[in-house]
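Asker: using only what follows, build the 3D model:
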Amino acid sequence: MGVVALVAVVGVGSYLLSLARSDGGVGGSAPHEPLVGPTAAPVPADTLVTALKDERFSCYDTQPGPPRVRSCYRTESDGTQLTVRVAADDQDAAALVELNAEPPAGLRSTALPPGDAMTPMKELIPVIGQALLGSAAGQIPSLDSGPNQSVRLSWGIVSFTVHPEAGNAVFTRSDAPTMPRGTDLPKAPSAVSAALAGAGYVCDASSCVGEGSTYDVKARLSTDEVSVSAVRYDGKPKVTDAKLRKHYSALLRSVVDAKNLPAATQWMQAHLAPPNGFDQADVGGLHLAVFRTPAGDGQLVVRPVLAR
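Answerer: Got it, this is the predicted structure:
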């Protein structure tokens, strides 16, 4: 008999984010002096979200506030993961925008070929700049001027650092709120473990084990991430959507509250086979991410919203 165990996934890192958050600029450069010109009028956060949807992003209400945060996600054909977070002021105008491009992440943290972050960052920095600043967006340096840039405008500071495989850009209005960050999952690992034990798994405080004959399921239960993945044994048939749905549903029932479970389950069922091998969303009060390989192996990761 095969063994079904529940084991964690190391999430992909947003290791460039902190480089662009301070007024000191990115990559050691300081912002230029304020440029002459009128301050751009406040732009409703929904206007920026609409512009991102036009660029094939899927957008979600991540946090009701304060500050209210929307998050938009897109996965490139090479697996590069794009995230845009929009924090609004008390008038619901976009005041702080973070754009991140992260390298492709494999199932169970396996290594994947590097992706191309430069192309989407070069595309999206002007899109966000135009939506926020209008004609003043022309004052934002282009990537052709160098991968590390920071400029102080009358509106605020725009800074970015971009490398071939990952990148980050931050648009910070002068009076912008601080972007909130996630904490822990609403249920402790012991509570998730107990719920899975009730679904037929043999569990300890941080993992669970079951039985199977054609595929191996693993995940780990921690305070800020739980995951479940299914990988077929050599020579065995592909893991089916039905098998993934079974294990994903068990995990969601163990960690999502009753009020939000239908929305989380609906999203999961609609994204069992993401087109580019990965998709993510903020649903049911949590951040959900799904992986699927060409061989049919799959993984669901659940984290707090705004965790990274």
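Asker: now the strands for the stretch 1-150 of the chain?
Answerer: Assigned strands in the stretch 1-150 of the chain, in chain order: 2-5, 58-63, 69-75, 81-88, 94-102, 148-152 (criterion: DSSP state E, counting those that start in this stretch).
Asker: if I look at residue 216, how far off is residue 105?
Answerer: Note on residue 216: its distance to residue 105, by Cβ to Cβ, to the nearest Å, is 19 Å. Any C-beta I mention is one placed from the backbone N, CA and C, and that applies to glycine too.
Asker: the two: which is more packed in?
Answerer: Here residue 216 and residue 105 are compared on neighbour count by other Cβ atoms under 10 Å; more neighbours surround residue 105, at 25 against 18.
Asker: from what I see, the more buried one and residue 291 are in contact.
Answerer: Yes. With the criterion set as Cβ atoms under 8 Å, residue 105 and residue 291 qualify as a contacting pair; they are 7.3 Å apart.
Asker: shared neighbours of those two, anything?
Answerer: With contacts defined as Cβ atoms under 8 Å, 6 or more residues apart in numbering, the residues adjacent to both residue 105 and residue 291 are residue 278.
Asker: got the contact list for the nearest residue to residue 106 once chain neighbours are set aside?
Answerer: Once its chain neighbours are removed from consideration, residue 106 has its nearest residue in residue 112; the separation is 4.5 Å (Cβ to Cβ, 6 or more residues apart in numbering). Going by Cβ under 8 Å, 6+ apart, residue 112 touches 79, 103-106.
Asker: for these, which one is nearest residue 279?
Answerer: Of all the contacts of residue 112, the one sitting nearest residue 279 is residue 79; the distance, using Cβ to Cβ, is 11.0 Å.
Asker: which strand residues bridge residue 279?
Answerer: Beta-bridge pairing for residue 279 (DSSP bridges): residue 290.
Asker: so for it, what's the pLDDT?
Answerer: Among the per-residue scores, residue 279 shows a pLDDT of 97.
Asker: contacting residues for it?
Answerer: Taking Cβ under 8 Å, 6+ apart as the definition of contact, the neighbours of residue 279 are 58, 73, 75, 271, 289-290.
Asker: next one: residue 281 from residue 218, what distance?
Answerer: According to Cβ to Cβ, residue 281 and residue 218 sit 23 Å apart.
Asker: contacting residues around the nearest residue to residue 58 once chain neighbours are set aside?
Answerer: The spatial neighbour of residue 58 that comes closest, neighbours along the chain excluded (Cβ to Cβ, 6+ apart), is residue 73 at 5.6 Å. When the contact criterion is Cβ under 8 Å, 6+ apart, the partners of residue 73 are 57-60, 81-84, 279-281.
Asker: okay, now the residue lying closest to residue 89 once chain neighbours are set aside: neighbour count?
Answerer: Distances taken as Cβ to Cβ, 6+ apart place residue 95 nearest to residue 89, at 4.4 Å, with adjacent residues excluded. Other residues lying near residue 95 total 25 when counted by other Cβ under 10 Å.
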